[in-house]
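Trainee: Quick one: sequence plus predicted model below, questions after.
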Amino acid sequence: MANYENIFKKVVAHCKEYGYIFQSSEIYDGLAATYDYGPNGVELKNNIKNYWWKSMVNMHENIVGLDSAIFMHPTTWKASGHTDAFNDPLIDNKDSKKRYRADILIEDYIAKIEVKIEKDCLKASKRFGDAFNKQKFITTNSRVLDRQKQIDIINSKMNAFLSKGNLKDVKKLIEELDIKCPISGTNNWTDVRQFNLMFKTQIGAASDNSSDLYLRPETAQGIFVNFLNVQKTTRMKIPFGIAQIGKAFRNEIIARQFIFRMREFEQMEMQFFIRPGEEIKWYKYWKDFRMKWHTSLGMGEDNYRFHDHETLAHYANAATDIEFKFPFGFKELEGIHSRTDFDLKAHQECSGKKLQYFDPELEENYVPYVLETSIGLDRMFLAILSSSFTEEKLENGENRVVLNIPPILSPIKAAILPLTKKDNLPEKAREIMKSLQIDFNCQYEEKDSIGKRYRRQDAIGTPYCITVDHQTLKDNTITLRDRTSMKQERISIEKLHSIIAEKVNISRYLG
Ligand code: ATP
């Protein structure tokens with residue numbers, strides 16, 4: 001098994017063992033691509049949401065929030081293009097009867113070439129030692145250049161075929177590259193077909209077509225149809241944004257890689273309404289802003305990259321993905337799209353209601369352009385967990401697993417641990433717990449040896465352990481242990497609040 005697969009398996013098992021993520025309906029053997037967030041998972045998820053909301057809404061005077069319904073009038077999806085064009089190209093292997101997304105089969109093929117480039121770099125870095133310059137190597141080494149050329153050709157062919165809906169050529173490309181089904185090992189493929197990703201349901205008891213409803217496949221449309229409600233009630237002037245966090249549903253053809261691709265997931269989206277013609281300025285602004293938001297968490301700048309789109313969705317005139325280095329390679333974490341006036345105009349036409357803004361400076365009415373930032377909350381969760389999962393060999397020969405989650409996002413900020421269950425230590429520990437829990441999520445634990453309790457908190461990613469011992473009763477001091485360095489310090493109880501507050505203060509990150 002490749003090392004990355006091994007690490008990914010460990011992360012998945014760790015999520016279950018420490019109450020982060022459970023398979024949905026597990027007692028019935030689960031439901032494919034659906035997951036439940038456990039006690040630590042829901043805390044981490046809420047902390048990610050808060051971190052996003054704070055930086056996008058609370059720290060921008062001109063961005064406000066919204067929580068729109070999951071069900072929307074069915075015409076919404078006609079207008080947005082989802083009924084006609086929200087399709088993925090699917091292909092089946094005739095021998096294994098397994099179904100795949102044709103574009104993902106090709107992308108996985110490209111990813112394998114990327115892995116080869118990484119290996120070339122690794123080999124060269126060993127050969128050249130300190131003198132190795134990766135940038136120079138990948139722009140001059142003939143083998144790497146050949147591989148990159150191959151990637152570029154495949155990419156441009158795939159994009160051209162997909163954008164023209166040329167599914168026969170997509171199949172031909174799969175055959176040309178001799179892509180085989182990982183299960184049957186054969187290239188006995190069916191034709192490529194389009195598959196609509198929306199989940200259909202019905203309202204009330206009616207069964208005629210007009211009452212077909214869809215579970216929303218994105219949160220964005222709830223923002224567009226409320227554009228004037230929000231603008232008028234908040235008296236916002238363009239440029240301004242509307243942000244929303246909520247569930248979205250897609251009947252993904254293949255849902256794999258744990259919470260990376262699910263059928264029910266959560267998005268954090270912001271639609272920024274601007275003057276027509278100013279979209280490139282704002283596109284650059286939000287690209288830069290969103291990348292800074294990611295790197296502010298300190299999970300390593302090398303883990304992120306932009307992937308600018310060559311083929312654009314029907315609604316966009318510029319688009320990029322922020323990709324994250326997941327254990328299975330660089331994959332999309334967030335999309336930034338310049339959506340022009342496509343959505344508002346379409347809703348205007350389909351509803352017959354004007355969705356225009358009167359610009360007092362220009363003294364004219366227009367349909368605003370829109371810049372969108374759209375991040376998957378669950379993918380963000382996976383990015384954090386997979387990059388913070390660390391296995392360490394300690395000096396005493398023991399192994400420890402630690403989640404080096406950015407402290408501001410850690411589910412539990414401090415664990416309060418009485419050394420023993422007697423001699424009034426639990427009472428003292430609970431007193432400390434009471435003084436901290438109003439501001440920080442804390443956990444009280446008295447079971448097992450102190451060493452075992454430290455390991456458990458390391459595995460959950462708790463930045464601080466506070467140990468209460470007999471000396472605490474005498475001089476009001478405790479031992480404060482830092483998760484990452486494992487350093488222990490004797491400090492006075494009075495200082496605890498400010499030490500933790502300093503560690504998880506948002507201005508340390510976003511200031
Ligand atoms: P992909 O190409 O991976 O299918 P997408 O380009 O269709 O994603 P968008 O429509 O741009 O995704 O959605 C915005 C964000 O929502 C994505 O960047 C991703 O983080 C998240 N997302 C999309 N689909 C899923 C899914 N099935 N499960 C979890 N998160 C998702």
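Mentor: Received the coordinates, thanks.
Trainee: ok, residues contacting the helix or strand containing M158?
Mentor: M158 is part of helix 142-163 when elements are defined by DSSP states H and E. Helix 142-163 is contacted from outside by 89, 103, 106, 109-110, 113-114, 116-117, 120-121, 137-139, 166-167, 169-170, 173, 177, 310-312, using Cβ atoms under 8 Å, 6 or more residues apart in numbering. For the C-beta atoms, the positions are set from N, CA and C on the backbone; glycine is no exception.
Trainee: Stretch 307-323 near the ligand at all?
Mentor: No: contact of stretch 307-323 with the ligand is not found when judged by Cβ under 6 Å from any ligand atom; the minimum separation is 6.6 Å.
Trainee: Which residue ranges make up each domain of the chain?
Mentor: With domains defined by automatic domain parsing, the chain comprises 40-72+197-399, 87-196, 412-510.
Trainee: okay, how far is it across the shortest one, tip to tip?
Mentor: What that stands for is domain 412-510. When the termini of domain 412-510 are compared using Cα to Cα, to the nearest Å, they are 20 Å apart.
Trainee: So what's the gap between it and the chain middle?
Mentor: The chain centroid and the centroid of domain 412-510 are separated by 30 Å, computed with Cα atoms, centre = their mean, to the nearest Å.
Trainee: Select the longest helix from the protein.
Mentor: What stands out as the longest helix in the chain, according to DSSP state H, is helix 102-128.
Trainee: by contact count, what packs against it?
Mentor: strand 87-92, helix 134-140, helix 142-163, helix 167-176, strand 329-340 (3 or more Cβ pairs under 8 Å, 6 or more residues apart in numbering; DSSP states H and E).
Trainee: Put the alpha carbons of the longest one into CSV.
Mentor: The C-alpha coordinates for helix 142-163 follow below in CSV (Å, rounded to 0.1, in the frame of the first residue of the first chain):
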residue,chain,number,x,y,z
SER,A,142,14.0,17.2,-20.0
ARG,A,143,12.2,14.2,-18.5
VAL,A,144,10.1,16.5,-16.3
LEU,A,145,9.3,18.8,-19.2
ASP,A,146,8.1,15.8,-21.3
ARG,A,147,5.9,14.7,-18.5
GLN,A,148,4.5,18.2,-18.0
LYS,A,149,3.9,18.5,-21.8
GLN,A,150,1.9,15.2,-21.7
ILE,A,151,-0.2,16.6,-18.8
ASP,A,152,-0.9,19.8,-20.7
ILE,A,153,-2.0,18.0,-23.8
ILE,A,154,-4.3,15.7,-22.0
ASN,A,155,-5.8,18.6,-20.0
SER,A,156,-6.5,20.7,-23.0
LYS,A,157,-8.0,17.8,-24.9
MET,A,158,-10.3,16.9,-22.0
ASN,A,159,-11.4,20.5,-21.4
ALA,A,160,-12.1,21.1,-25.1
PHE,A,161,-14.2,17.9,-25.4
LEU,A,162,-16.1,18.5,-22.2
SER,A,163,-16.9,22.1,-22.9
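Trainee: So which bits of that helix are buried?
Mentor: Neighbour-count burial for helix 142-163 flags V144, R147, Q148, I151, I154, K157, M158, F161, L162 (criterion: 16 or more other Cβ atoms under 10 Å).
Trainee: Where does the residue in the stretch 151-300 of the chain positioned nearest to the ligand fall, secondary structure wise?
Mentor: Per Cβ to the nearest ligand atom, the residue of the stretch 151-300 of the chain with the smallest distance to the ligand is F265, at 3.6 Å. F265 is located in strand 264-274, with elements delineated by DSSP H and E.
Trainee: Paired strands for that strand, with orientation please.
Mentor: strand 240-249 (antiparallel), strand 369-376 (antiparallel) (DSSP bridges).
Trainee: now those strands in TSV, with distance to I408, mean pLDDT and mean neighbour count?
Mentor: TSV is the format used below for the strands paired with strand 264-274 (distance: least, Cβ to Cβ, whole Å; pLDDT from 0 to 100; neighbours: other Cβ atoms under 10 Å):
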stretch	distance to I408	mean pLDDT	mean neighbour count
strand 240-249	17	98	21
strand 369-376	17	98	24
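Trainee: Let's have those strands in TSV, adding distance to H73.
Mentor: Shown next, in TSV, are the strands paired with strand 264-274 (distance: least, Cβ to Cβ, whole Å):
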stretch	distance to H73
strand 240-249	17
strand 369-376	20
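Trainee: any chance of those in JSON lines, plus distance to the ligand?
Mentor: Shown next, in JSON lines, are the strands paired with strand 264-274 (distance: least, Cβ to the nearest ligand atom, whole Å):
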{"stretch": "strand 240-249", "distance to the ligand": "7"}
{"stretch": "strand 369-376", "distance to the ligand": "2"}
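Trainee: mind listing what the residue nearest to K94 when sequence neighbours are not counted touches?
Mentor: Setting aside the residues directly before and after it, K94 is nearest to N188 in space (Cβ to Cβ, 6 or more residues apart in numbering), at 4.5 Å. Residues counted as contacts of N188 (Cβ under 8 Å, 6+ apart) are N93, K94, D95, C181.
Trainee: Greatest separation within the residues you listed: which pair is it?
Mentor: Greatest spacing in the contacts of N188, by Cβ to Cβ: K94 and C181 (9.0 Å).
Trainee: Going by residue numbers, what spans are helices in the stretch 201-350 of the chain?
Mentor: In the stretch 201-350 of the chain, the helices defined using DSSP state H, counting those that start in this stretch lie at 220-225, 227-234, 279-295, 342-351.
Trainee: What mean pLDDT does the second one get?
Mentor: Looking back up the chat, that one is helix 227-234. For helix 227-234, the mean pLDDT works out to 97.
Trainee: can you list the residues that contact that helix?
Mentor: Outside helix 227-234, the residues that touch it by Cβ under 8 Å, 6+ apart are V64, L66, I223, M236, F240, I242, F273, L344, L355, Y357, P368.
Trainee: what's the second one sitting at in phi/psi?
Mentor: In other words, L66. Torsion angles at L66 (phi, psi; degrees, to the nearest 10) stand at phi -160, psi 150.
Trainee: For it, name its beta-bridge partners.
Mentor: Counting by DSSP bridges, L66 forms beta bridges with Q244.
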